[in-house]
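# Quick check, what structure comes out for this input:
(one chain, ligands or ions: 1)
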Amino acid sequence: MVSLPSPDWNTGGSRTRCGCIGTEEPGIALAMHVADPRDAERIQALIRGLSMHSRYQRFFVPLHELPPPLLAQFTSADPVATVTLLVETPDHAGTKLIAMAQYVAAPFPERCEIAVVVADGWQRRGIGSRLLRTLKQLACAAGVTRIEADILADNGAMLKLARRLGYSLTRLGGGIVHASLAVEAPCPE
Ligand SMILES: CC(C)(COP(=O)(O)OP(=O)(O)OC[C@H]1O[C@@H](n2cnc3c(N)ncnc32)[C@H](O)[C@@H]1OP(=O)(O)O)[C@@H](O)C(=O)NCCC(=O)NCCS
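Sure thing, here's the model as predicted:
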């Protein structure tokens, strides 16, 4: 459990904050913002801090941190290309990132690929669901018409999450399940 932040914690700074979509639980303050280059080192810290299992489920390869081109992509907020959402919480040193999700348009606007990861100690609190709902809002607002994801077939948590959010799931070869969701106007609030 973390202590409560100061009252203006959610609105301070000059980040591209997603004001209406902060996530809160009693006694815990979380805030969501769109990643920019200032987040690069904290994103690496988030990735390094994941269990090997979570890293593998997210990236499908046993990486330790993000290669520089991927880090640059994830921190370049561009609604027609890539948008990364970050969740942060106060800690003794200020704030730390505890979750990340992004869409990568490929190609825009027909479809985008999404992926999400929540720090191991913060899983099963609704953060992954909240991130994917918000990402859908952002993708819809940008004009994307279909959201897709590839999920490892043994990733029960992500499959359950995708199913609950309305994705249709198709088993592909090679232990992969493909998730797909049409994004229709009006965009979710
Ligand atoms: C998949 C992941 C993002 C889910 O995030 P989360 O914040 O734990 O998800 P939520 O708390 O919103 O839970 C969503 C649903 O999944 C279920 N769930 C979460 N973790 C689970 C687990 N380990 N086993 C079974 N179900 C699980 C929850 O119970 C919830 O369903 P419910 O409300 O009906 O109970 C998270 O487990 C994670 O980061 N995993 C490693 C990376 C990964 O797999 N990314 C997906 C790549 S496409």
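
# which bits of the protein sit near the ligand?
When proximity is defined by Cβ under 6 Å from any ligand atom, the chain lies next to the ligand at 54, 57-58, 115-118, 123-129, 149, 151, 155-158, 160-161, 164. All C-beta spots, glycine's among them, are computed from the backbone N, C-alpha and C.

# Which of the residues you listed fall within strands?
Ala115, Val116, Val117, Val118, Ala149, Ile151 (DSSP state E).

# is the first one in a bridge, and if so with what?
In this structure, Ala115 has the following beta-bridge partners (DSSP bridges): Gln102.

# residues in contact with it?
Counting by Cβ atoms under 8 Å, 6 or more residues apart in numbering, Ala115 touches Arg58, Ala101, Gln102, Ala149.

# sorry, back to before: kindly reformat the ones in strands among the residues of the chain next to the ligand as TSV and extend each row with distance to Asp39.
Below are these laid out as TSV (distance: Cβ to Cβ, whole Å):
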residue	distance to Asp39
Ala115	16
Val116	16
Val117	14
Val118	16
Ala149	22
Ile151	25
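
# got a winner among these for most neighbours?
Val118 (25 neighbours; other Cβ atoms under 10 Å).

# so where's this protein shaky on pLDDT?
Scanning the chain for pLDDT under 70 picks out the ranges 1-27.

# Report the beta-bridge partner residues of Ala179.
Ala149, Leu169.

# and the residue in the chain positioned nearest to the ligand, how far is that from Pro69?
For the chain and the ligand, the shortest gap (Cβ to the nearest ligand atom) falls at Gly128, measuring 2.4 Å. Distance of Gly128 to Pro69, given as Cβ to Cβ, to the nearest Å: 25 Å.
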